[in-house]
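# Compute the structure for the input listed below.
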Amino acid sequence: MDVRVVRFLGIAGLSAFLASCGGSPTTPANNAAISLATNTVTFGAQFGGGSPTSQTVKITNSGSGALSGLALGTIAYGSGASGWLSASLTGSSAPATVTLNATIGSLAQGTYSATIPITASSATNSPASLKVTFAIFPPAGTTTLGVGQDTTFLATPVIATNLVLQPGQQYLIAVVNTNASAAANEDFTLFGSMTSTQRVHLASRAPLRRSQATVKNSPIYNAGPAVKRILALRKRQDNHLAMLDHNTAVFQRYGRSGRTAPSSGSTVPRPSFSISQTVGTVNKIYVANSFGASCTGVDSIGARTVAVGQHVIVLADTNTTKWPSNMRDSAFYQTFANEYDAVTWPHINTNIGNPLAYDSHLSSIGKITVVISPVLNSFGGGIVAFVNGCDFFPFDGTLSDQNADLGNQTEMFYYWAPDTASGWVKRAWEDLLRGTAAHETKHIVSYTDRKINNGLQYFEERWLEEGLAQVSAEIWERHFNNTTWKGHANFNQAVACEIYLGPNETPACQDTAGTLPVALTGSHLPFFFDYLAAESQSPTGLGFGNTGSNATPTNYGEGWAFARWVLDQYATTEPSTIMSLVNQNSLSGLANVSAVTGKSVQELLVYFSMASAIYDTATYTAADVRTTIPTFNFGQIFYLGQTSLQCTNTANQVVPCGLFGANFATTPVWPIQPTALSTGNINAKVTGVAGTAASYFLLTSTGAGQQYIQLQSGTGGSINTSSGLRIGIIRVQ
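So this is what the prediction gives:
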């Protein structure tokens with residue numbers, strides 16, 4: 001019941017009571033107030049074009065009693081022109097509607113203003129004011145797109161066009177901040193008006209979706225342990241980024257000081273220790289246990305040589321209290337070393353580069369060393385793996401304490417010990433190491449190349465460094481799944497090769513024995529999904545290089561997808577482009593990618609944003625391959641992963657689950673949820689689009705005619721020519 005009705009009944013009862021007692025009833029006070037749905041309305045039109053469609057403003061009563069006697073006063077015009085605005089009112093009591101029409105007539109280019117007083121005899125705040133602005137823009141060209149076709153505006157943020165429309169058409173609009181820094185936030189207004197020759201009502205219809213694969217039976221898998229493991233992994237991957245920042249600081253510090261071994265001529269003194277290739281030998285190893293710009297924070301451990309391959313040595317911490325002794329001497333290590341020789345080493349040398357190119361100036365062992373230690377399990381709250389930049393520098397002989405800066409002076413990466421509390425034990429822990437080796441060895445190549453090329457002060461930005469390390473693991477995974485370069489891999493070719501989906505599913509590479517490694521489903525795909533979902537909710541605080549709560553999905557998901565898209569679009573061969581990006585000495589981030597591809601940053605970011613806009617829409621064939629990511633059918637993968645799975649939870653209940661949603665949630669089905677717009681008057685304001693991030697809109701045409709689209713500043717009006725904002729448009733239906 002309306003609270004005002006309750007109040008009226010109470011007063012009426014009191015009046016009757018007073019009358020029965022000989023008292024005089026009191027008439028209640030009327031405290032009505034005019035409330036407008038908006039106090040400002042903006043029209044826009046092109047000089048020499050048609051007038052914009054009408055707009056309406058709702059009037060309601062925000063007070064008590066009745067709001068009556070509504071009327072419109074005389075329109076007061078600002079300087080420049082008058083008579084261009086007309087207004088009408090649907091009734092004299094609330095609720096009511098004001099209908100506004102702006103007529104272009106002979107108005108010149110410019111901005112005009114007017115104020116309409118709205119009065120009500122019963123209102124305490126009469127008159128209220130409605131301010132109207134009418135902007136007349138220079139003429140803009142027309143854009144006509146077929147389904148799947150796109151257009152971009154890359155040269156300047158001063159963007160305007162007329163979309164030629166028919167009823168029922170849909171257009172994806174991506175407004176992209178092409179500033180290279182994630183901290184360069186920008187506001188904007190997407191403004192529009194329509195010259196309409198026909199208005200129609202679109203009946204509701206079932207949503208159309210991107211191409212999907214029909215699933216005969218819902219596969220079932222036990223998600224309980226997986227959820228636990230993935231949640232634990234996320235924090236540890238955050239710390240991996242912190243370690244990368246540590247290495248960048250170390251390289252910049254030593255690069256400025258010149259403290260580096262020469263790449264030719266004399267060699268540095270050999271370390272006072274060396275890595276033994278005799279199984280059973282205990283080696284003294286320094287393991288980093290803190291972040292910072294120096295190499296002093298280490299634990300000195302004993303690490304037994306547990307496996308030796310042609311290109312790798314595996315060491316296991318001898319600590320007897322931190323992890324099970326049977327894992328320290330597991331037969332898995334030699335199996336891992338054999339796989340590293342047969343698969344990982346050739347992959348790295350073919351696709352990434354030579355991780356031992358600087359070996360003659362370090363230990364000259366001629367092999368990569370892997371150190372497994374529980375020191376990592378507590379380092380910063382836990383970290384899965386890392387490469388320590390300190391291992392690439394000699395001891396600092398200028399210090400009074402020769403061992404003040406400690407490194408192992410060899411190509412080495414570190415991996416955590418099995419962790420029962422987080423669920424990373426046995427096969428899951430072993431499989432994670434297999435793909436991690438391809439990721440971490442890529443970092444070794446990067447550090448090696450930057451040292452050889454004297455590029456330590458220009459070390460790669462972490463989103464691209466991690467993105468390419470993710471590419472390394474993705475390409476490595478092709479040995480175990482059915483994905484290929486530009487092969488449009490679907491759910492069964494990628495995801496089903498990494499998780500067991502139950503007896504009703506029989507993809508060619510399903511891992512019924514549980515022996516295939518996990519890479520895409522544990523990191524790449526869910527992090528890309530996470531980033532897009534966060535970007536759809538708000539582009540503030542995102543973008544390449546952000547350090548906020550979305551840093552992990554940015555670097556491991558968006559960074560990977562961008563690197564993958566670049567390779568799909570511009571690489572003659574994957575190895576040649578990857579090596580060009582890695583073997584760099586003075587450029588990093590987007591500048592590096594732009595130089596290698598020969599494409600502007602604006603083109604790269606706008607087309608990638610359109611390619612990654614995976615959302616619920618009609619099936620269409622892209623006319624421009626740049627609006628796709630050809631190696632994967634992400635739409636089909638995400639849709640099946642979010643709608644076609646059932647999980648056995650920790651309570652042994654079979655429930656729907658999503659492979660990519662947070663905590664296995666089935667929502668959202670699509671990571672991108674564009675803001676819905678209808679043709680006509682558009683005034684969509686967005687605050688704080690981070691550099692390299694995008695804001696998405698889905699424009700649905702409800703009539704035939706021309707829809708004017710213009711990019712304005714955050715407060716409306718002309719956008720600054722120095723803005724990094726650009727627009728891409730695809731017709732998707």
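
# any low-confidence regions in the stretch 51-200 of the chain?
Counting by pLDDT under 70, the ranges of the stretch 51-200 of the chain that qualify are 195-200.

# hmm, I was thinking of the stretch 501-650 of the chain
For the stretch 501-650 of the chain, the ranges with pLDDT under 70 are 504-508, 510-514, 618.

# any idea where the strands of it begin and end?
645-648 (DSSP state E, counting those that start in this stretch).

# Would you state the helices of it in chain order?
525-537, 551-553, 559-570, 574-582, 589-597, 601-611, 634-643 (DSSP state H, counting those that start in this stretch).

# outside of the third one, which residues touch it?
Judged by Cβ atoms under 8 Å, 6 or more residues apart in numbering, the contacts made with helix 559-570 from elsewhere in the structure are 463-464, 466-468, 470-471, 474, 485-486, 524, 527-528, 544, 574, 577-578, 593, 596-599, 604, 607-608, 611-612, 625-626, 628-632. All C-beta atoms are positioned from the backbone trio N, CA, C, and that covers glycine.

# Now that we have the residues you listed, which of them are buried?
Neighbour counting with 16 or more other Cβ atoms under 10 Å marks 463-464, 466-468, 470-471, 474, 486, 524, 527-528, 544, 574, 577-578, 593, 596-597, 599, 604, 607-608, 611-612, 626, 628-632 as buried within those.

# re earlier: with distance to D150 added, can I get the helices of the stretch 501-650 of the chain in TSV?
Shown next, in TSV, are the helices of the stretch 501-650 of the chain (distance: least, Cβ to Cβ, whole Å):
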stretch	distance to D150
helix 525-537	19
helix 551-553	26
helix 559-570	14
helix 574-582	24
helix 589-597	19
helix 601-611	6
helix 634-643	17
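
# Of all those, which one comes closest to V314?
helix 574-582 (25.1 Å; Cβ to Cβ).

# got the angle between the closest one and helix 589-597?
Angle of helix 574-582 versus helix 589-597, following axes from the mean of the first three to the mean of the last three Cα atoms, to 10 degrees, is 130 degrees.

# quick one on the thing from earlier: closest one to R450 among the helices of the stretch 501-650 of the chain?
helix 574-582 (8.9 Å).

# And that closest one, what does it pack against?
If contacts are counted by 3 or more Cβ pairs under 8 Å, 6 or more residues apart in numbering; DSSP states H and E, helix 574-582 sits against helix 345-351, helix 426-452, helix 462-477, helix 559-570, helix 589-597.

# contact partners of it?
Outside helix 574-582, the residues that touch it by Cβ under 8 Å, 6+ apart are 350-353, 442, 445-446, 449, 460, 464, 468, 471, 475, 485, 566-567, 570-571, 592-593, 596-597.

# Let me know the average pLDDT across stretch 43-50.
For stretch 43-50, the mean pLDDT works out to 82.

# Restrict it to CA atoms and write it as CSV.
Output of stretch 43-50 as CSV, limited to C-alpha atoms (Å, rounded to 0.1, in the frame of the first residue of the first chain):
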residue,chain,number,x,y,z
PHE,A,43,19.4,17.6,-29.3
GLY,A,44,21.8,17.4,-32.2
ALA,A,45,21.5,17.7,-36.0
GLN,A,46,23.7,18.3,-39.0
PHE,A,47,23.8,21.6,-40.8
GLY,A,48,21.6,21.3,-43.9
GLY,A,49,20.1,18.1,-42.7
GLY,A,50,16.8,17.1,-41.2
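
# contact partners of that stretch?
Counting by Cβ under 8 Å, 6+ apart, 51-52, 55, 100, 102, 104, 107-109, 132-140, 162, 191-193, 195, 681, 708, 710 sit against stretch 43-50.

# Which residues in stretch 548-562 does the neighbour count mark as buried?
Across stretch 548-562, burial judged by 16+ other Cβ under 10 Å covers 550-562.

# and if you look at stretch 38-53?
Along stretch 38-53, these residues count as buried under the neighbour rule (16+ other Cβ under 10 Å): 41-46, 49-53.

# likewise stretch 703-723?
703-714, 716, 719, 723.

# where's the dip in pLDDT among these?
By pLDDT, G716 ranks lowest within the buried residues of stretch 703-723, coming in at 83.

# That'll do, ta.
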